[in-house]
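Student: what's the 3D shape of this:
(chains A and B)
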Amino acid sequence: MLEQFTFVGFLLVVALFLGIFLISLSWLLRPKRPSPRKSEIYECGLRPHGEPWVRFKAQYYIFALVFLIFDVEAVFLFPWALAYNWLPFYAVLEGVIFILLLGAALVYVWRKGALEWM
Amino acid sequence: MEFLSNLIVNIGVWIKGLLVGGGVAEHGAALVVKAIGAVVVGFFPLMVVVFLIWAYRKIAARMQGRLGPNSSGTWAGPYGILQTFADAIKMLTKEDIRPQGVDLIPYNLAPILVVFASVMVWAVIPFGPGRGLIGADLSIGIFYILAFSSAALIVFLMAGWSSNNKYATVGAFRAVAQLIGYEIPQLLAVLAVVMVTGSLSTQDIVGSQDVIFLVTLPVSAIIFFLASMAEINARPFELLEAESELVCGYFVEYSGMKFGMFYLAEFMNSVAVAAIFTTLFLGGWRGPWVDQAPILGTVWFLVKMGAVIFLWMLIQITLPRLRIDQMLAFNWKFLVPLALVNLCVVGLVNKGTTEGFPGGASAWTRGSILLGANLAMILATWGMLAVGERQARRRREAWQAAQAGELEVVV
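Tutor: You can find the predicted model right below:
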């Protein structure tokens, strides 16, 4: 097992190197002539109006909460799916009931109108 | 012939033999071979992408009645095949404009990490049979892939938020909404495959596909394909970039090679998704004559991957963009419920087949029963969609009729 993870370690180094290599190569080759006009923030050719880091209405925060439920559910379901071949029928049925409960949660959220883009 | 039939593994054995002959310890030589393997696997997507960008531009141009990259202006190789290299050199030599007020650390880290995440996925993709043609046959293979493919989301958020630009911020916010949503159907589709296989290792998943999962689990395959299209933001789901409304989305403020790296990572992700789809649903390296010549397994793998990439291109070039609320509705109101139902049906039917055939069902029997259940599911979904469509049309017509009546009264 550890032998397998050495490869992942090597690839980790290669993958980081690839990005750093490309950036440093362009750092060596590119011209460097900064000017204030050039480094202005892009906003359709106009002077930027105000701060971009304003209080932004995140229309989907309920989506994010629903996502959290389902992501945690997946964590529970992976061991169940992995042990599936050894499980007796009633254990599979229990898993299915668990999924149906989550389906009921989805229906509830839907009926409450949380899945609309506000 | 012997050497050629298992070329890649034999090259590894040969290098190891050379090192051991040169006085390197056995263990050290194995490590060096592994490191070389990591470099090959790490640069493989880059090589594919260089060709893929050219192929994409050429195919897109042909489908839109243009010529695409060619040699009519300046010479760019036969059929313009060197165009990508010219673009790469251009990007490398462009000035890197650093906009005012960016948050420097995340701003500079994002392009490195986006390439990093899309390269790391390749560690567990099986290119051929056995232990020699896969980077690392991890026992948690598919979980590892899901983990790294969702890491891209953090990078998009980093890039968008640190750029000090409103378009980038909106793009990053959309990225969160889109990518977290589509992760769930993707996960649930993979779960069905894991259930039938009984293992998370990618090599085991390929090994258990006596009948490919595209045939036995078509609903999972369709869900996975659609969700992956959204994860790599291909055209119908391309809300993060949306040139016409957000200019470029989360990477507006990047220029030069940093921009190039986002572009590169986008293509690398799509190649990776094609490879994952091939592994999960198309039987990976399996095909005729692989047991005689393992190198053929790699060829089959690349052919299947190419077919998936071509399908991705066709969809990407043909379809227009959706609206963001339509896209989220498609995910939460269609894909997620369908994936949940799919998981229940596959679980019950597959277990029922095992219990129903005490002697053990053959792969073909099991496959045809699963296929039947899947077809029933597709028909039921189709019927429900048709009913919904009819109701919506009736409501619209009634509304239009009411509108027309009102207008007449006003006139």
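Student: how about the residues of the stretch 151-300 of chain B that lie near chain A?
Tutor: B:161, B:163-170, B:173, B:176-177, B:180-181, B:183-184, B:187-188, B:191-192, B:194-195, B:198-200, B:247, B:252-253, B:256-258, B:260-261 (CB under 8 Å from any CB of the partner chain). Using the backbone N, CA and C atoms, a C-beta is placed for each residue, glycine as well.
Student: Relative to the whole chain's centre, how far out is the helix or strand containing residue B:3?
Tutor: Here residue B:3, judged by DSSP states H and E, is contained in helix B:2-5. Centroid displacement of helix B:2-5 relative to its chain, using CA atoms, centre = their mean, to the nearest Å, is 32 Å.
Student: Counting residues, which helix of chain A comes out longest?
Tutor: For chain A, the longest helix by residue count, based on DSSP state H, is helix A:2-29.
Student: buried sites along the helix or strand just after that one?
Tutor: Next helix or strand after helix A:2-29 toward the C-terminus (DSSP H and E): helix A:61-82. Using 16 or more other CB atoms under 10 Å in any protein chain shown as the test for burial, helix A:61-82 gives A:62, A:63, A:66, A:67, A:70, A:73, A:74, A:77, A:78, A:80, A:81, A:82.
Student: Next one, pLDDT for the last one please.
Tutor: The predicted structure scores residue A:82 at 89 on the pLDDT scale.
Student: Can you give the domain ranges for chain B?
Tutor: Domain assignment for chain B by automatic domain parsing gives B:1-69, B:101-331.
Student: can the shortest one be found next to chain A?
Tutor: Yes. Domain B:1-69 is in contact with chain A by CB under 8 Å from any CB, via B:31, B:34, B:35, B:37, B:38, B:39, B:41, B:42, B:43, B:46.
Student: which residue packs closest to residue B:24, ignoring adjacent ones?
Tutor: The shortest distance from residue B:24 to any non-neighbouring residue, by CB to CB, 6 or more residues apart in numbering or on different chains, is to residue B:32 (7.3 Å).
Student: For that neighbour, give me its contacts.
Tutor: B:15, B:16, B:19, B:24 (CB atoms under 8 Å, 6 or more residues apart in numbering or on different chains).
Student: Tell me how far the third one lies from residue B:31.
Tutor: The reference is to residue B:19. 10 Å (CB to CB, to the nearest Å).
Student: for the stretch 201-350 of chain B, which spans come out with low pLDDT?
Tutor: B:240, B:242-245 (pLDDT under 70).
Student: Quickly check: the lowest-mean-pLDDT helix or strand in chain A near chain B or not.
Tutor: The weakest-scoring helix or strand in chain A, judged by mean pLDDT, DSSP states H and E, is helix A:61-82 (a mean of 85). Yes. Using CB under 8 Å from any CB, helix A:61-82 reaches chain B at A:63, A:64, A:66, A:67, A:70, A:71, A:74, A:77, A:78, A:81, A:82.
Student: I'd like the distance between the first one and residue B:184.
Tutor: This means residue A:63. For residue A:63 relative to residue B:184 (CB to CB), the value is 10 Å.
Student: Need the per-residue pLDDT for residue B:377.
Tutor: For residue B:377, the predicted pLDDT is 91.
Student: Helix, strand, or coil at it?
Tutor: Following DSSP: H, G, I helix; E, B strand; the rest coil, we place residue B:377 in the helix state.
Student: Just give me the neighbour total for the closest residue to it other than its chain neighbours.
Tutor: Nearest-residue entry for residue B:377: residue B:219, 5.4 Å, with adjacent residues in sequence omitted and distances by CB to CB, 6+ apart. Look at residue B:219: counted by other CB atoms under 10 Å in any protein chain shown, it has 22 neighbours.
Student: just residue B:11 next, same as before
Tutor: Using other CB under 10 Å, residue B:11 has 15 other residues around it.
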